[in-house]
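S.K.: Let me see the structure of the following:
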Amino acid sequence: MPDSSLSFVSWCKEVARIQFTPFQESIAHVIGGGDPTSDVDKAVWGFTGPVDENHRAIISLRCGRRSGKTMISALYALWRAMTADLSAAGPGDIPTVAIVAPLEPLAKIALRVVVDVASSFMPDNINTKTREEGRKSPAITSDTLKLLREDGREVHIRSVPKSANGRSIRGYTLIAVILDEAEQFDIGGDKEASDVVHVHAATPAILMGGSIIMISTPYKPDSYMSQHVERNFGHPVDGLAAVATTRNMRTDSQHIQKMVAREIATRDDNALREYECVMTQIPGAFFDTPSIAACTTESPAITHCYATAAIDAAFLHDSFGLVAIERQGDKIVQTLEFERRPEPDKPLDPFATRAEAIELCKAYSALVVGADVHEWASTAVQLTQAGIQVTKAPTANAFATAAYQLRALLRAGKITVLPETAKQLKAITQTNAGLPELPRSAHGHCDLVAALITSIHLDQRHGPVGASIGMAFPAPIRQS
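M.R.: You can find the predicted model right below:
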């Protein structure tokens, strides 16, 4: 009978007879309630020190393929089912661990691990009493394992496919939730069944001490899991995030080490993403993710010369975006990113928002500004009266051409961009015709990218990037 006092790592070793590699054990140690303290822990989680218990509610495991992340998550599901405090579960509740995946067969992979472990090492806990009592309810079905704990409580571990609004996991008292391949939940634009939808559906129903664990290789930069990893790896903000390559996780297998090395040598970008957890070029993405990463900076140098700004203006349902750039030698440097988002039933004040933008343009010496057609007249009047030259943003083919120029600059390392703009660049997709497509969401439609593309178009007045500005403009003018 499992001992409820055992830590997760000890339970895996003593009950499930699992032998972890150091990186696997680090993941098991922390998701089981431990704090990262060792050098290996720091490599996996990005930090060492005590963990705020609130940060354990949502945990991301960005681990390479064949790394053992599904096995660890399945074991966590079984450990939680057998040892969790169920005192808050109501009468008649059957507390449940839910394993969710984009496709039903994928969700059952983790369930099979759970069934194999339970059948091999704790068969007495498989609840066969239901069948013996004549209810014709088998203890193991294609999607459910029914367990009987030492305290007499029945618990279930269920595999379910993703669902619109997370309805497949609603109504349960949840012990834990595993979202397998979380970054692929909304592939094909299925936003109603995205990873964040399932997180929101699960959060109110999870018993204290349980976690929502998202596992995946990197795939979609705009997915909730991807953003959760970027936000929490190394500096927990609202959760925990682990990043570990297949080769680090599977030091116990020479076969896997050789296979990964061969795949990386022959398949390059795909293998780097799948095994090394590198956010490489994503199918359907317009901009190259590695190029964006290489060109991102948090502290650009500012010269206040040859500056350009652009506005993507909206005030009611969409956000207001402002970007400033400078031509510095043979490169373009983004110096400013500014967004204002309206709140529900509280639109932005156009005059006040534009006034704030005017002050920023002056502070960054960007006295030439491109603006889109939305509220063009009032924008042009207000900025012109403040001493700022305003020109219309490119549209249609001209906008696409400027986007291609931006992509070429990123690939050539001839531009640096700021972090929030970089995040939005990763979300830009392309049509079948190869044209850029800016996705819309409740938070806008990548307004910083739209403004950046406009500023790139307007920057052409300084001549081609890479040419000497001094040749075209012998007397550099400080814009202040």
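
S.K.: which ones are touching the spatially most central residue of the chain?
M.R.: Residue closest to the mean C-alpha point of the chain, counted by C-alpha atoms, centre = their mean, is residue 226 at 1.4 Å. With contact taken as C-beta atoms under 8 Å, 6 or more residues apart in numbering, residue 226 is in contact with 183, 218, 219, 220, 279. For glycine as for every other residue, the C-beta is placed from the backbone atoms N, C-alpha and C.

S.K.: all strands for the stretch 151-300 of the chain, in order.
M.R.: In the stretch 151-300 of the chain, the segments counted as strands under DSSP state E, counting those that start in this stretch are 154-161, 174-180, 212-216, 240-244.

S.K.: Now the second one - C-alpha only, CSV.
M.R.: This means strand 174-180. Provided in CSV are the C-alpha atoms of strand 174-180 (Å, rounded to 0.1, in the frame of the first residue of the first chain):
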residue,chain,number,x,y,z
LEU,A,174,-9.7,17.9,-9.7
ILE,A,175,-6.6,16.5,-7.9
ALA,A,176,-4.3,17.6,-10.7
VAL,A,177,-4.4,18.3,-14.4
ILE,A,178,-1.8,17.4,-17.1
LEU,A,179,-2.0,19.3,-20.4
ASP,A,180,0.1,17.1,-22.8
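
S.K.: ok, residues contacting it?
M.R.: 70, 73-74, 76-77, 80-81, 84, 86, 95-101, 106-107, 109-110, 155, 169, 185, 195, 198-199, 202, 205-207, 210-216, 225.

S.K.: what's the angle between that strand and strand 154-161?
M.R.: Here strand 174-180 runs at 30 degrees with respect to strand 154-161, directions being taken by axes from the mean of the first three to the mean of the last three C-alpha atoms, to 10 degrees.

S.K.: could you give the angle of strand 174-180 to strand 212-216?
M.R.: Using the same axes, to 10 degrees, the inter-axis angle of strand 174-180 relative to strand 212-216 is 10 degrees.

S.K.: do the longest one as well
M.R.: Going by the same axes, to 10 degrees, strand 154-161 is angled at 40 degrees with respect to strand 212-216.

S.K.: starting at the chain centroid, how far to stretch 29-39?
M.R.: Relative to the chain's own centre, stretch 29-39 is displaced by 22 Å; criterion: C-alpha atoms, centre = their mean, to the nearest Å.

S.K.: buried set for it?
M.R.: Neighbour counts over stretch 29-39 (16 or more other C-beta atoms under 10 Å) mark 29, 30, 31, 32, 34, 36 as buried.

S.K.: returning to what we had before: so, if you compare the contacts of residue 226, which one comes nearest to residue 459?
M.R.: Among those, residue 279 lies closest to residue 459 (C-beta to C-beta), at 27.5 Å.

S.K.: nearest to residue 127, of the buried residues of stretch 29-39?
M.R.: Taking the buried residues of stretch 29-39 together and measuring to residue 127 by C-beta to C-beta, the closest member is residue 32, at 24.3 Å.

S.K.: which ones are touching the closest one?
M.R.: 7, 8, 9, 76, 79.

S.K.: which non-adjacent residue is nearest residue 34?
M.R.: Closest residue in space to residue 34, ignoring its immediate chain neighbours: residue 7 at 7.1 Å, by C-beta to C-beta, 6 or more residues apart in numbering.

S.K.: what do you get for residue 321?
M.R.: Using C-beta to C-beta, 6+ apart, the closest residue to residue 321 is residue 447 (3.0 Å).

S.K.: burial count for the one you found?
M.R.: 28 (other C-beta atoms under 10 Å).

S.K.: Could you list the low-confidence segments of the stretch 101-250 of the chain?
M.R.: Scanning the stretch 101-250 of the chain for pLDDT under 70 picks out 129-137, 187-190.

S.K.: hang on, the earlier thing: farthest pair within the contacts of residue 32?
M.R.: The distance between the two most remote of the contacts of residue 32 (C-beta to C-beta) is 11.8 Å, for 7 and 76.

S.K.: Who are the contact partners of residue 423?
M.R.: Residue 423 makes contact with 221, 222, 227, 230, according to C-beta under 8 Å, 6+ apart.

S.K.: Sitting in helices, which of those do you find?
M.R.: Cross-referencing the contacts of residue 423 against helices under DSSP state H gives 227, 230.

S.K.: ok, and the most crowded of the contacts of residue 423?
M.R.: Using other C-beta under 10 Å as the neighbour test, those are led by residue 221, with 22 neighbours.

S.K.: which secondary structure element contains residue 117?
M.R.: Residue 117 is located in helix 104-121, with elements delineated by DSSP states H and E.

S.K.: which helices and strands sit right next to that helix?
M.R.: Contacts defined by 3 or more C-beta pairs under 8 Å, 6 or more residues apart in numbering; DSSP states H and E place helix 104-121 against helix 69-83, strand 96-101, strand 144-148, strand 154-161, strand 174-180.

S.K.: switch the cut-off to 6 Å
M.R.: In terms of contacts (3 or more C-beta pairs under 6 Å, 6 or more residues apart in numbering; DSSP states H and E), helix 104-121 is packed against helix 69-83, strand 96-101, strand 154-161.

S.K.: got JSON lines for these, with distance to residue 309 and mean neighbour count too?
M.R.: Formatted as JSON lines, these follow (distance: least, C-beta to C-beta, whole Å; neighbours: other C-beta atoms under 10 Å):
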{"stretch": "helix 69-83", "distance to residue 309": "44", "mean neighbour count": "25"}
{"stretch": "strand 96-101", "distance to residue 309": "45", "mean neighbour count": "27"}
{"stretch": "strand 154-161", "distance to residue 309": "47", "mean neighbour count": "21"}
